[in-house]
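Q: Can you look at this prediction? I've put the sequence above it.
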Amino acid sequence: MDEKKSQQQELLPTETNEPAERKPKKSGKVVFKAYNQAQMQLLPQAFDEFVDQNHAVRAVDRMIEAVPLEKLERIYAGGGTSSYHPKMLLKVLVYAYSDGIRSSRRIAKSLRENIIYMWLSGGNKPDFRTINRFRIKIKDSIEEIFRATVELLIEGGHVSLNNYFLDGTKIESAANKYSFTWKKTVEYNKEKLKNKVRELFKQIDAENEIEDELYGDRDLPERGEESGITPEMIEKKIAELNERLKDKPDDKDLNKTRKTLATDYQPRLERYQRDEAILGTRNSYSKTDHDATFMRMKEDAMLNGQLKPGYNVQIGTENQFILNFSIHQKPGDSTTLIPHLENFEQLYGFLPEKVVADAGYGSEENYIWLDKHGSQAFVKYNMFDIEKKQKYRKNIFRVENLSYDPETDVYRCPNEKLFHFSGKKKRQTETGFVSEALVYECEDCTGCPFKEQCYRGKWNRRIDINPRLVTYRAIAKERLNSDEGIKLRIRRSTEVESVFGHIKQCRGLRRFLLRGIDKVKAEWGLASMAHNALKLAKCTS
């Protein structure tokens, strides 16, 4: 057997590192296409020949051409040298945003090197300063410009403005992440400083009284502790100290006190007042972008819920076309619905028939406003999805699951104890809306066997019932569970979310380049027009 194996191995080809011999190719002449960089053409080609008829840039061109020129002319003062055509600059900016390019330097570079941009600009090559100045100029006219582009969608039958799908997202500001100023900190430091000023005023007044007894009363500004400390009061006290220093210029204590007031206390108090004016009703602002508020962003690389300066962007869509947008400084969505729809009414002169939104907008104030203005609210409330869960329905201690007798106006708990009406309670929201609730108190919770499961307070359990909100929630629940409501809810999940996904993920707008709410609005307006142009190009191709 060994001899046979050795003979078979001798017959097998040996492995070598030399490449196997290839079969010789058929002989023939190698031919290349003509290549001459200095080749002259009898008839030069136009830029239009290089742009495909179904290219997205043509949708941008058609959309901006529909904008009346007078909406763009008003941003120019007139006089001086000639300016670049505003429609050309607007087309370039909108297409650049659709192309994921927002830097004015990169846009200017594309105008010199990219044939698509060359065709769109007609061969014009504005520099990056001109592009950026124009982007800032249109901040006051961006909503009117955007409305003119939406009218093109209405004429084409792409949108009807009847079903309005509303949602929001938070976009980071161009501000420094660590330049925060907090309202509570300002209030605490301001009050602490005022206490120091009061103590110093008392000390100064005490010294004045001693000097008056020794040298007689002099004609000085009025003295005495004031209820409210202001920079003007400190200014008066500095003037008083200056008068005293005329008689005693070498008094070190007086000089030190005057210097403390003039160089420390007065500037700090003025700074705190400026901070409060900038904050307004907000809880924070950024020192490098005063309009930006610190918000908790979902897109956090460290996944630790870090607060970053940003803006709350609200948009309304139909068929995934953006119909309206608004920029807000408050992180919560509930307070944005009314100003957002007021902006819609200002643009189009009416409100949509149906407004579809998630539970973040389901407040009593919003329900009342929509009902008053004739819009059907397909808006979830905070307990809409939770009510469907079995755990919720089986919890007999929840207020919503307690039995109620309308004739006697009492609620009954699982232990057969009665809740009687005990009064009313009013609550005012940050927008000034006043909500009223009826308070019911249990007759006796002493020795109740369900005390640990029902209520852990020391006294008898109290429940708050808002009849008006209960009514609106019942109407919303009926609408949302109807056949039409189910269809609209399914559409909502693919309407606004997909639009935000395209803008933020596909085109990279996760952080604004400009600072200030007006400039941010212009930047988002350009992004919205770019999105609509891309969507229009897909619909018409």
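A: Everything's here; your move.

Q: Please make it C-alpha for all contacts and neighbour counts, starting now.
A: OK.

Q: and residue 488, which of the three is it?
A: helix (DSSP: H, G, I helix; E, B strand; the rest coil).

Q: Surely it and residue 355 touch.
A: No: in this structure, residue 488 is not within contact of residue 355 by CA atoms under 8 Å, at 9.6 Å.

Q: Quickly note the distance from residue 297 to residue 98.
A: Noted for residue 297: a distance of 24 Å to residue 98, by CA to CA, to the nearest Å.

Q: So which of those two has more stuff around it?
A: residue 98 (26 against 19; other CA atoms under 10 Å).

Q: Tell me where the model's unsure across the stretch 251-400 of the chain.
A: 299-305 (pLDDT under 70).

Q: tell me the strands in it, going along the chain?
A: In the stretch 251-400 of the chain, the strands defined using DSSP state E, counting those that start in this stretch lie at 284-286, 293-296, 307-318, 321-328, 354-357, 376-379.

Q: Pull out the buried positions in the longest helix seen in the chain.
A: The longest helix of the chain (DSSP state H) is helix 183-215. Buried residues in helix 183-215, counted by 16 or more other CA atoms under 10 Å: 183, 186, 190, 193, 194, 197, 198, 200, 201, 204, 205, 208.

Q: I'd assumed residue 272 was in contact with the third one.
A: The one in question is residue 190. Yes: the pair residue 190 and residue 272 qualifies as a contact (CA under 8 Å) at a distance of 6.3 Å.

Q: per-domain residue ranges of this protein.
A: The chain breaks down by automatic domain parsing into domains covering 47-140, 161-178+295-518, 181-285.

Q: out of the buried residues of helix 183-215, who's nearest residue 407?
A: residue 183 (49.0 Å; CA to CA).

Q: and the gap between the residue nearest to the closest one when sequence neighbours are not counted and residue 425?
A: Nearest residue to residue 183, sequence neighbours excluded (CA to CA, 6 or more residues apart in numbering): residue 283, at 5.0 Å. According to CA to CA, residue 283 stands 26 Å off from residue 425.

Q: now the longest helix of the chain, how far from the chain's geometric center?
A: Distance of helix 183-215 from the chain centroid (CA atoms, centre = their mean, to the nearest Å) equals 43 Å.

Q: can you put the domains of the chain in CSV and add distance to residue 153?
A: As requested, the domains of the chain are exported to CSV (distance: least, CA to CA, whole Å):
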stretch, distance to residue 153
domain 47-140, 9
domain 161-178+295-518, 9
domain 181-285, 37
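
Q: who touches residue 324 in this structure?
A: Listed by CA atoms under 8 Å, 6 or more residues apart in numbering, the contact set of residue 324 reads 315, 316, 317, 344.

Q: Return the backbone torsion pair for the residue nearest to the second one when sequence neighbours are not counted.
A: Setting aside the residues directly before and after it, residue 316 is nearest to residue 166 in space (CA to CA, 6+ apart), at 4.4 Å. Main-chain dihedrals, residue 166, degrees, to the nearest 10: phi -110, psi 140.

Q: Hmm, residue 282 is touching residue 330, no?
A: Yes: Residue 282 lies in contact with residue 330 (CA under 8 Å); the separation is 7.0 Å.

Q: which of the two has more neighbours?
A: Neighbour count, other CA under 10 Å: between residue 282 and residue 330, residue 330 has more, with 21 against 17.

Q: What sits closest to that one if chain neighbours are left out?
A: Here the residue nearest residue 330, using CA to CA, 6+ apart, is residue 312, at 6.6 Å.

Q: and the one you found, what are its bridge partners?
A: residue 170, residue 328 (DSSP bridges).

Q: Quick one: residues contacting it.
A: Counting by CA under 8 Å, 6+ apart, residue 312 has contacts 168, 169, 170, 171, 327, 328, 329, 330, 331.

Q: What count of nearby residues applies to the third one?
A: Other residues near residue 170 come to 24 when the count uses other CA under 10 Å.

Q: Distance of it relative to residue 327?
A: For residue 170, the distance to residue 327 - CA to CA - is 10 Å.

Q: what residues do these two have in common as contacts?
A: With CA under 8 Å, 6+ apart as the test, residue 170 and residue 327 both reach 311, 312, 313.

Q: Quick check: the gap between the nearest residue to the last one once chain neighbours are set aside and residue 524.
A: When you say that, I think you mean residue 313. Take residue 313 and drop its neighbours on the chain: the residue closest to it by CA to CA, 6+ apart is residue 327, 4.8 Å away. As judged by CA to CA, residue 327 and residue 524 stand 9 Å apart.

Q: Repeat that for residue 66.
A: In terms of CA to CA, residue 66 sits 20 Å off from residue 524.

Q: Compare neighbour counts for these two and give me the winner.
A: More crowded of residue 66 and residue 524, by other CA under 10 Å: residue 524, with 20 against 15.

Q: tell me the secondary structure for that one?
A: helix.

Q: Kindly report the same for residue 519.
A: Classification of residue 519 by three-state DSSP places it in helix.

Q: Among the strands of the stretch 251-400 of the chain, which comes closest to residue 177?
A: strand 307-318 (5.7 Å).
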